[in-house]
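Visitor: okay, structure incoming, though there's no sequence with it:
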């Protein structure tokens, strides 16, 4: 059994965390551990008209944001990695500075110190110098900064398709197959390795 921690925080884009959980359901070899911040719960209600409890039903285990003694707060508890989707600038700052004051920041800190894969789906614009420095700090520690930037070459017909493209690319980082259709880049013009005009 492989384990993935999914955290939903207070940045806009709660759908990303929910879709990751939905995509992992058909994979019986994966166990999901969910944490939702207080602001994340507000966003779930506002953006998706869902409660944190409803979303928790998509996960195998739900952890209380206040429980810094949870299983996922220890490096001895084996997980493949963690995704924070979406990741607020507050959560980014906590992770960048190892300020593990809640279960999300602590689990992320453990993920980094154990050299496991951490993916932060950061959602903010424009970005301040503080935001950029925090992203650099996390990247230098081995984390992956993944802003949900749409790849318009995929020819999206809906927002749902745009979201799914980002979710599929995030799952790629953990070698988890995406169950839906995905228009991946196949190149343009001549075959790869040929002359460029």
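Guide: Right, received. Where do you want to start? This is a predicted model, so every value here is computed, not measured. Numbers count the residues shown, from 1 in each chain.

Visitor: can we go C-alpha only for contacts and neighbour counts from here?
Guide: Will do.

Visitor: list the buried residues for the longest helix anywhere in the chain?
Guide: When every helix of the chain is counted residue by residue (DSSP state H), the longest turns out to be helix 159-172. Applying a neighbour-count criterion of 16 or more other Cα atoms under 10 Å, the buried positions in helix 159-172 are 161-171.

Visitor: now, which of the residues you listed sits nearest residue 133?
Guide: Closest to residue 133 out of the buried residues of helix 159-172 is residue 170 (22.4 Å), distances taken as Cα to Cα.

Visitor: quick one on the thing from earlier: centre of the chain to the longest helix of the chain, how far?
Guide: 11 Å (Cα atoms, centre = their mean, to the nearest Å).

Visitor: turn the buried residues of helix 159-172 into CSV, columns for pLDDT and distance to residue 106.
Guide: Compiled in CSV, the buried residues of helix 159-172 are given as follows (pLDDT from 0 to 100; distance: Cα to Cα, whole Å):
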residue, pLDDT, distance to residue 106
161, 94, 32
162, 95, 31
163, 96, 27
164, 96, 28
165, 95, 29
166, 96, 25
167, 97, 24
168, 96, 26
169, 95, 25
170, 97, 21
171, 97, 22
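
Visitor: let me know the closest of those to residue 144.
Guide: Nearest to residue 144 among the buried residues of helix 159-172, with distances taken as Cα to Cα, is residue 170, at 10.0 Å.

Visitor: quick one: residues contacting that closest one.
Guide: Shown in contact with residue 170 (Cα atoms under 8 Å, 6 or more residues apart in numbering): 119, 146.
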